[in-house]
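Peer 1: Dropping the sequence and predicted coords here.
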Amino acid sequence: MRRLRAAGAIVVGKTNMPEFGQFPFTESRRHGMTHNPWDLTRSPGGSSGGSAAAVAAGMVPVAIGGDGGGSIRVPASCCGLFGLKPQRGRVSAGPHPDLWEALGTIGPITRTPEDSALVYDVISGSLPSDRWHAEPPGRPFLEQARTEPGRLRIAWTTKNVVPGMAVDPQVRQAVEALAGLLAGLGHDVERIEPDWPYPTASFVPQFFASIREETRRVEHPERLEARTRHTASMGAWARGPVLARARRDGERVADRLDGILAPYALLVTPTMAALPPAIGQLDAAGSLHAMTRSMPFIAFTTLLNVSGHPGASVPAGLSREGWPIGAQLIGPRGGEGRILSVAAQLHREHPGRASPRISPPPPPAGSLEARPVCSRVPTGAASRIRASSAR
């Protein structure tokens, strides 16, 4: 936030999220449910769903999110936005040395890749206290986003990272259509069936240890949701040697992903295996039930949190119901600039609708006529960033 304010950002407030960002649904006992502006019966995803809803609704052009398992990319997918999870170590986790061990990072959710590039030029850079450090980019991200990518070799797949888990047919069709669009733009596009590395053995211990540690830091842990306290208690085993092994497993996952990416400039996958979920996913759900419900929405995203590679969700179309579908662009280590360049090319050629048509709920009987819940704002943020923050 200090870097954004120093660059002229106007921080207008905080947005909703599930407690400690545990789930890809923005629901909490204290602050209620956040609705998706595209369809008020659907979730904006999570955990940075309040940030994504604010951008999709036209409240702000930029909102900050955190991504420890997909929490920038999943809400961007659900809300028809652009969300880039950067390379591990790109953005400081200060004042803490890390965010969710090796899993988490911070970044913006925006309508356009150029807006995200601008924000990354402001917030990038690590501190001596950070556990992870990324090499500075050779050129500003905004400059890279505005540079044509040239002809690239790009792979795509809808094979799920989680064995045996189905991908919704409409999601598969949207990703295939995006691959066709990339081919139409002159890229050499190839479908592959990768032998995915298995990220769960690295992700799960770091997730449980992180929730346990965040619970320990709060002043009144007894005020936390019962589900959060249960998750923290289940993480008692995730310590010392277990976490060290999980990080080593993550390095092996990263090496395997490097091998898949080596022949290609980018790899395109679904962002989520499912369409945007209905609201109320966490109603009466305990920790294990909530984690089970989360799996279709994070199956493709957690891989990059474990490996540290950059990846972005870009709009890939709408479902028959009118709900946004996202595709994930995966880049090599340090490849945010390449992702931004291709994403910006897609946005120029196929911008789609930047925000939904918002209809407020009908007013109660006898009340005054309802007014629109928001008005449109310019999509460009190059001259003046407005940011809302969510952890």
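Peer 2: Great, that's in hand.

Peer 1: So residue 325 belongs to a strand, correct?
Peer 2: Yes: Residue 325 sits within a strand when classified using DSSP: H, G, I helix; E, B strand; the rest coil.

Peer 1: Verify the stated contact: it with residue 274.
Peer 2: No: counting by Cβ atoms under 8 Å, residue 325 does not reach residue 274; the two are 9.9 Å apart. In this view, the C-beta of every residue, glycine as well, is placed from N, C-alpha and C.

Peer 1: what's the overlap in contacts for those two?
Peer 2: Listed as contacting both residue 325 and residue 274 by Cβ atoms under 8 Å, 6 or more residues apart in numbering are residue 171.

Peer 1: who's more crowded, those two?
Peer 2: residue 325 (28 against 17; other Cβ atoms under 10 Å).

Peer 1: partners of that one in the sheet?
Peer 2: Counting by DSSP bridges, residue 325 forms beta bridges with residue 317.

Peer 1: show me what contacts it?
Peer 2: When contacts are counted by Cβ under 8 Å, 6+ apart, residue 325 touches 77, 170, 171, 174, 270, 275, 315, 316, 317, 318, 319.

Peer 1: give me that answer again for 6 Å
Peer 2: Shown in contact with residue 325 (Cβ atoms under 6 Å, 6 or more residues apart in numbering): 171, 174, 316, 317, 319.

Peer 1: The last one and residue 232, how far apart?
Peer 2: From residue 319 across to residue 232, the span is 36 Å (Cβ to Cβ, to the nearest Å).

Peer 1: These two: which has the busier surroundings?
Peer 2: Shown here are residue 319 and residue 232; by other Cβ under 10 Å, residue 232 has more neighbours (22 against 17).

Peer 1: Tell me if the more buried one really is in a helix.
Peer 2: Yes: under three-state DSSP, residue 232 falls within a helix.

Peer 1: ok, now which ones touch it?
Peer 2: Residues in contact with residue 232 (Cβ under 6 Å, 6+ apart) are 211, 212, 215.

Peer 1: try 8 Å this time
Peer 2: Counting by Cβ under 8 Å, 6+ apart, residue 232 makes contact with 211, 212, 214, 215, 216.

Peer 1: Spell out which two among the residues you listed are the most distant pair, please.
Peer 2: Maximum pairwise distance among the contacts of residue 232 (Cβ to Cβ): 9.8 Å, between 211 and 216.

Peer 1: So in that sheet, which strands flank the helix or strand containing residue 12, and in what orientation?
Peer 2: According to DSSP states H and E, residue 12 maps onto strand 10-14. Applying DSSP bridges to the sheet, strand 10-14 is found paired with strand 386-389 (parallel).

Peer 1: Now the partner strand: average pLDDT?
Peer 2: Averaging pLDDT along strand 386-389 yields 40.

Peer 1: Among residue 211 and residue 216, which residue is more densely surrounded?
Peer 2: Neighbours were counted for residue 211 and for residue 216 using other Cβ under 10 Å; residue 211 has more, 26 against 9.

Peer 1: The closest residue to the more buried one other than its chain neighbours and residue 209, how far apart?
Peer 2: Excluding the flanking residues, the one nearest residue 211 by Cβ to Cβ, 6 or more residues apart in numbering is residue 231, at 4.8 Å. From residue 231 across to residue 209, the span is 11 Å (Cβ to Cβ).

Peer 1: next one: residue 229
Peer 2: 15 Å.

Peer 1: Kindly report the same for residue 140.
Peer 2: Where residue 209 is concerned, residue 140 sits at a distance of 36 Å (Cβ to Cβ).

Peer 1: got any ranges where the stretch 101-250 of the chain has weak pLDDT?
Peer 2: By pLDDT under 70, the stretch 101-250 of the chain has no low-scoring segment.

Peer 1: could you pull out the helices for it?
Peer 2: Secondary structure of the stretch 101-250 of the chain (DSSP state H, counting those that start in this stretch): helices at 113-123, 141-145, 169-184, 200-217, 226-234, 240-261.

Peer 1: how about the longest one: buried residues?
Peer 2: Applying a neighbour-count criterion of 16 or more other Cβ atoms under 10 Å, the buried positions in helix 240-261 are 243, 246, 249, 250, 253, 254, 256, 257, 260, 261.

Peer 1: Pick out whichever of residue 140 and residue 209 has more residues nearby.
Peer 2: The neighbour comparison of residue 140 against residue 209 (other Cβ under 10 Å) goes to residue 209, with 23 against 15.

Peer 1: which SS class is the nearest residue to residue 214 once chain neighbours are set aside?
Peer 2: Spatially, and ignoring its direct neighbours in sequence, residue 214 is nearest to residue 20 (5.0 Å; Cβ to Cβ, 6+ apart). Following three-state DSSP, residue 20 is assigned to helix.
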